[in-house]
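**Q** Mind looking at a prediction? Sequence and model below.
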Amino acid sequence: MARVKVLLSLAVTLLLLLVGTECAPKTTEAPPEKQPKPSDHKESTFPPKTTKKWHEKPQQRQAMNCSVNAGQVAASSGEIGIGSIGGSYNNNEYCVWEIEVPEGLVIQFTWEYFDLEGPSPGCPYDYVDISEYESGESLTGRICGSSVPESLRSQSNAVRVTFSSDSSVKLQGFKLQFEGMSDQYETTVPPETSTQLPQTNCSVDTGRIVASSGEMGIGSIGGSYNNNEYCVWEIEVPEGLVIQFTWEYFDLEGPSPGCPYDYVDISEYESGENLTGRICGSSVPESLRSQSNAVR
């Protein structure tokens, strides 16, 4: 009996020791705070992205109902339009193109064809209107009819072209080519070497042309130029370039060589060196290349 009491006492003592160990508060140390890892990232040195001018100056837009791709056009050249020769645009169309060429340029517009319901002036039914994007100033007013409008040049590098048709009468529409051009008519030719443009008697636009590409000419296929015309174009492309000329059609009174009656002549602007001599007749001349960036 005494042995049993001793064993029981030892068991109770051992049990109390175990309970005390489990109930004792844990004294583990808190882990050290994590230090931020050094970063290899550097602040970007790139300027913030800029958006197109039409985003900088949002304008109220009428909902478009347009059968062709319209909207925002950012390019140095291109064409827009609706309808087709021998075809037509739709009734109740409303199309808006917002055209932007690079900063520092203006936009030269040339119509390939034009046929909208009139009457003009006024254009109460179908019309095209070209206006400056920033100021909203109209460059054309509403234009319509079947006479191809004259070429025109914007005052800035961004314009809005609006086309609208009413609920009846569908005509062929229009195609409009655009190209960014320098707004500086004074070329880089030093003043001491510049020449006085002769007085011209010319039925088309002539004078100084400062652009990276373009076209010029007089008369038309199926038409003609006038008698007693004298036209001079001075063409300049950017420094470091030369000019490639390609003839689309050619038909001048001969005989060739000599060309005593009607002729075209292309010469270097600075040196006056002739590149072609007088050319005439009905054979399309070969393409040619200038020696410099400016010719007459």
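**A** Here it is on my side, so go on.
**Q** who's in contact with the most centrally placed residue in the chain?
**A** For the chain, Ala75 is the residue whose C-alpha lies nearest the centre (Cα atoms, centre = their mean; 2.3 Å). When contacts are counted by Cβ atoms under 8 Å, 6 or more residues apart in numbering, Ala75 touches 99, 101. The way it works is simple: take the backbone N, C-alpha and C, and place the C-beta from them, glycine included.
**Q** next one: Val284
**A** Val284 sits next to 247, 249-250 when contact means Cβ under 8 Å, 6+ apart.
**Q** so can I have TSV of those residues showing pLDDT?
**A** What follows is the contacts of Val284, written out as TSV (pLDDT from 0 to 100):
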residue	pLDDT
Trp247	92
Tyr249	92
Phe250	94
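**Q** Just send the residues you listed back as JSON lines, with neighbour count, distance to Ser138 and secondary structure too.
**A** What follows is these, written out as JSON lines (neighbours: other Cβ atoms under 10 Å; distance: Cβ to Cβ, whole Å; DSSP: H, G, I helix; E, B strand; the rest coil):
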{"residue": "Trp247", "neighbour count": "14", "distance to Ser138": "37", "secondary structure": "coil"}
{"residue": "Tyr249", "neighbour count": "10", "distance to Ser138": "35", "secondary structure": "coil"}
{"residue": "Phe250", "neighbour count": "15", "distance to Ser138": "38", "secondary structure": "coil"}
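**Q** sorry, back to before: could you measure from the residue nearest to the centre of the chain over to Asn90?
**A** According to Cβ to Cβ, to the nearest Å, Ala75 stands 26 Å off from Asn90.
**Q** how is this structure carved up into domains?
**A** Listed domain ranges for the chain are 53-182, 184-296 (source: automatic domain parsing).
**Q** Pick out the shakiest of those, pLDDT-wise.
**A** Sorting the domains of the chain by mean pLDDT places domain 184-296 lowest, at a mean of 83.
**Q** Ser120 touches Thr140, doesn't it?
**A** No - using Cβ atoms under 8 Å, Ser120 is not in contact with Thr140; the gap is 11.2 Å.
**Q** now the strands for this protein?
**A** Using DSSP state E, the strands assigned to the chain run over residues 71-74, 77-83, 94-100, 105-115, 127-132, 152-153, 158-164, 173-182, 207-210, 233-236, 244-245, 288-289, 294-295.
**Q** between the longest one and strand 127-132, how many degrees?
**A** Between the direction of strand 105-115 and that of strand 127-132, the angle (axes from the mean of the first three to the mean of the last three Cα atoms, to 10 degrees) works out to 180 degrees.
**Q** Are there helices or strands packed against strand 105-115, and which ones?
**A** Applying 3 or more Cβ pairs under 8 Å, 6 or more residues apart in numbering; DSSP states H and E, we find strand 105-115 packed against strand 77-83, strand 152-153, strand 173-182.
**Q** if you set the cut-off to 10 Å instead, what comes out?
**A** Helices and strands touching strand 105-115, by 3 or more Cβ pairs under 10 Å, 6 or more residues apart in numbering; DSSP states H and E, are strand 77-83, strand 94-100, strand 127-132, strand 152-153, strand 158-164, strand 173-182.
**Q** tell me how far the shortest one is from the chain's mean position?
**A** A distance of 15 Å separates the centroid of the chain from that of strand 152-153, by Cα atoms, centre = their mean, to the nearest Å.
**Q** got the contact list for that strand?
**A** Strand 152-153 is contacted from outside by 106-111, 130, 139-140, 179, 181, 183, using Cβ atoms under 10 Å, 6 or more residues apart in numbering.
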